[in-house]
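Peer 1: Here you go, sequence then predicted model.
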Amino acid sequence: MTITEPQTKFSQRTTLIGEEAEDSVRRMRLMHLASEGTAALKREGLAEIGSLSVALARHDDDWSYFAHLRSEPQSSHGGAEFRFSMQRSDPTDDHAVIREIIASAQRFVHNKEVIGAKTRAARVVAKELIESTTSFDWPAKLVSIGCENGFENAIVFDLEILEYDLQMSRTRVVSRDKKYVALELDMILDSHERRANLRHEMRQAGIDFLVDGAAKSILEAVGLDVSNTVRKLGDKRVIEFLVRGTDGCNYDGAVFFEHGVLMADLTTEKIPIRFRTDELVLFDTGLPETVIASLSGCALGGVVRLPWLPADAIITDAQGEPNELYIKLRCPRFGMTEEGLTLCEDPLQASSLL
């Protein structure tokens with residue numbers, strides 16, 4: 001029984017959202033603010049903090065969270081760096097940002113003793129947790145500790161860990177409550193340890209990462225090459241794209257890594273279909289509960305035919321709600337190596353890490 005057979009195809013023009021040029025503009029903006037901020041600190045008698053620079057992190061071009069300006073470690077503050085976060089700043093208003101940098105630096109200097117004590121204590125906690133983490137050939141590393149915007153309770157940890165694509169990169173943890181410093185760091189390091197174990201398993205299987213069958217099908221349908229897309233992802237958390245279907249609808253898509261598996265989303269608001277990672281949502285199917293209960297274990301192609309999802313994906317669960325049908329899928333997976341994409345028998349399908 002087939003619910004529907006939409007034969008939507010996509011235009012040859014797929015628009016990527018957030019290209020490298022935009023990232024370059026943001027980076028130049030941060031560098032400009034660092035230079036202007038350094039000059040302002042000198043004018044305001046805060047030259048002891050020294051020069052500001054961009055604090056590198058994997059997602060440092062994200063204004064909402066990861067964009068930080070930094071000083072060199074301050075021995076007077078227990079080795080803490082002065083950090084200025086762009087999270088609550090308007091990056092288009094230079095004067096407002098500079099005023100905020102000055103106010104933050106004044107707090108940093110004023111709270112010197114408290115910040116120093118908390119930084120030393122936080123370093124001990126971080127070192128103990130890192131040393132207790134099993135990481136095979138990819139040890140976690142504490143890169144720096146800072147104090148965000150001069151607030152004594154906002155301790156910043158920059159760590160080198162395995163990220164979503166199982167590559168070592170710099171990430172940032174901001175702890176605003178000393179009671180939860182150990183818990184927040186432990187959560188990050190637990191993810192690192194899990195990814196280290198997973199990368200070890202993948203290396204044993206002769207692959208670098210996996211490509212979910214749904215991601216492969218979606219990328220091929222919209223005209224994006226898998227290998228090129230992986231290269232474009234680079235340090236990005238996600239690549240978003242927009243493509244127009246032959247049904248006249250615009251489709252919003254995204255591709256990203258989750259624990260070493262390349263995944264994808266595709267959705268449109270104008271027709272009753274949405275796909276997110278491993279869940280397909282259909283609307284107004286009118287199926288009775290008895291039929292929905294029988295879908296588990298069926299191949300997707302025998303239930304709904306979509307040219308951008310693999311027909312041999314297996315339905316692992318189906319749940320009906322008023323006017324909505326939620327279908328969980330297990331898609332075939334492909335191993336990715338430096339030589340390219342190769343079909344594999346999903347050597348990690350039994351892994352408890354995925």
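Peer 2: That came through fine.
Peer 1: residues near the nearest residue to residue 332 once chain neighbours are set aside, how many?
Peer 2: Spatial nearest neighbour of residue 332, chain neighbours left out: residue 213 (4.2 Å); criterion: C-beta to C-beta, 6 or more residues apart in numbering. C-beta: built from backbone N, CA, C; applies to glycine. Counted by other C-beta atoms under 10 Å, the residues lying close to residue 213 total 20.
Peer 1: With residue 76 instead?
Peer 2: For residue 76, using other C-beta under 10 Å, the count is 14.
Peer 1: same deal with the one 10 residues further on?
Peer 2: By the criterion of other C-beta under 10 Å, residue 86 has 22 neighbours.
Peer 1: do the same with residue 235
Peer 2: Count around residue 235 with other C-beta under 10 Å applied: 15.
Peer 1: Pull up the gap between the closest residue to it other than its chain neighbours and residue 190, please.
Peer 2: In this structure, residue 235 finds its nearest non-sequential neighbour in residue 58, 5.3 Å apart by C-beta to C-beta, 6+ apart. The gap separating residue 58 from residue 190 is 18 Å, by C-beta to C-beta, to the nearest Å.
Peer 1: Buried residues, the helix or strand containing residue 36. List them.
Peer 2: Assigned by DSSP states H and E, residue 36 belongs to helix 20-43. Neighbour counts over helix 20-43 (16 or more other C-beta atoms under 10 Å) mark 23, 26, 29-30, 33-34, 36-38, 40-41 as buried.
Peer 1: Just give me the least confident of the residues you listed.
Peer 2: In terms of pLDDT, residue 23 ranks lowest among the buried residues of helix 20-43, with 66.
Peer 1: circling back to that earlier point, export the helix holding residue 36 as CSV, just CAs?
Peer 2: Output of helix 20-43 as CSV, limited to C-alpha atoms (Å, rounded to 0.1, in the frame of the first residue of the first chain):
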residue,chain,number,x,y,z
GLU,A,20,32.8,31.6,2.7
ALA,A,21,32.5,35.3,1.7
GLU,A,22,30.1,36.0,4.5
ASP,A,23,32.4,34.2,7.0
SER,A,24,35.3,36.3,5.8
VAL,A,25,33.4,39.5,6.3
ARG,A,26,32.5,38.5,9.9
ARG,A,27,36.1,37.6,10.6
MET,A,28,37.3,41.0,9.3
ARG,A,29,34.7,42.7,11.5
LEU,A,30,36.0,40.9,14.6
MET,A,31,39.6,41.8,13.8
HIS,A,32,38.5,45.5,13.3
LEU,A,33,36.7,45.5,16.7
ALA,A,34,39.8,43.9,18.4
SER,A,35,42.0,46.7,17.0
GLU,A,36,39.6,49.5,18.0
GLY,A,37,39.1,47.9,21.4
THR,A,38,42.8,47.7,22.1
ALA,A,39,43.2,51.4,21.3
ALA,A,40,40.2,52.3,23.5
LEU,A,41,41.6,50.4,26.5
LYS,A,42,44.9,52.3,26.2
ARG,A,43,42.9,55.6,26.1
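Peer 1: Sounds good, over and out.
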